[in-house]
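Q: Starting from these lines, generate the structure:
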Amino acid sequence: MEPKLLVMVVVSHLASAFWSKTLAAQKARNSNRWLLAGLLFGPLGLIAAAGLPDRHSIVYLRYLAEHNGYQPRHACGGTKD
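A: Presented below is the predicted three-dimensional model:
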């Protein structure tokens, strides 16, 4: 492998790891795991981290639903067959 290509790959993976960790931390996820995903998978890890749902929003939406009278059918929220 040429040195320029190797340097570009390493730099892109390091940048992806940094941004994956930052995004995961903002979305209340385990940032160390996403740092590792960014290092291993590069830009694909970054795309996956960007697609993560925000845990703060999930908790807030559940609170709003329960406050407005939503009752899950079971404790797990599933249906009984």
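Q: Contacts for whichever helix or strand Ala15 is part of next, please.
A: Here Ala15 sits within helix 3-26, counting by DSSP states H and E. For helix 3-26, contacts defined as Cβ atoms under 8 Å, 6 or more residues apart in numbering pick out 30-43, 45-46, 48-50, 52, 54. C-beta here means a position set from N, CA and C on the backbone, and glycine is covered the same way.
Q: Any quick PyMOL command for the buried ones out of those residues?
A: Listed next is the PyMOL selection for buried residues among the contacts of helix 3-26, using 16 or more other Cβ atoms under 10 Å:
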select buried, resi 31+34+35+37+38+39+41+42+45+46+48+49
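Q: For the chain, which element, helix or strand, carries the lowest mean pLDDT?
A: One helix or strand of the chain scores below all others by mean pLDDT, DSSP states H and E: helix 55-67, with a mean of 88.
Q: how far is it from where the chain is centred?
A: 18 Å (Cα atoms, centre = their mean, to the nearest Å).
Q: Dump that helix to PDB, keeping only the CA atoms.
A: Provided in PDB are the C-alpha atoms of helix 55-67 (Å, rounded to 0.1, in the frame of the first residue of the first chain):
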ATOM      1  CA  ARG A  55     -32.100   8.700  24.200                       C
ATOM      2  CA  HIS A  56     -33.200  12.100  25.700                       C
ATOM      3  CA  SER A  57     -36.000  12.300  23.100                       C
ATOM      4  CA  ILE A  58     -37.100   8.800  23.700                       C
ATOM      5  CA  VAL A  59     -37.400   9.300  27.400                       C
ATOM      6  CA  TYR A  60     -39.200  12.600  26.900                       C
ATOM      7  CA  LEU A  61     -41.700  11.200  24.400                       C
ATOM      8  CA  ARG A  62     -42.500   8.300  26.700                       C
ATOM      9  CA  TYR A  63     -43.000  10.700  29.600                       C
ATOM     10  CA  LEU A  64     -45.400  12.800  27.400                       C
ATOM     11  CA  ALA A  65     -47.300   9.700  26.300                       C
ATOM     12  CA  GLU A  66     -47.700   8.400  29.900                       C
ATOM     13  CA  HIS A  67     -48.700  11.800  31.100                       C
END
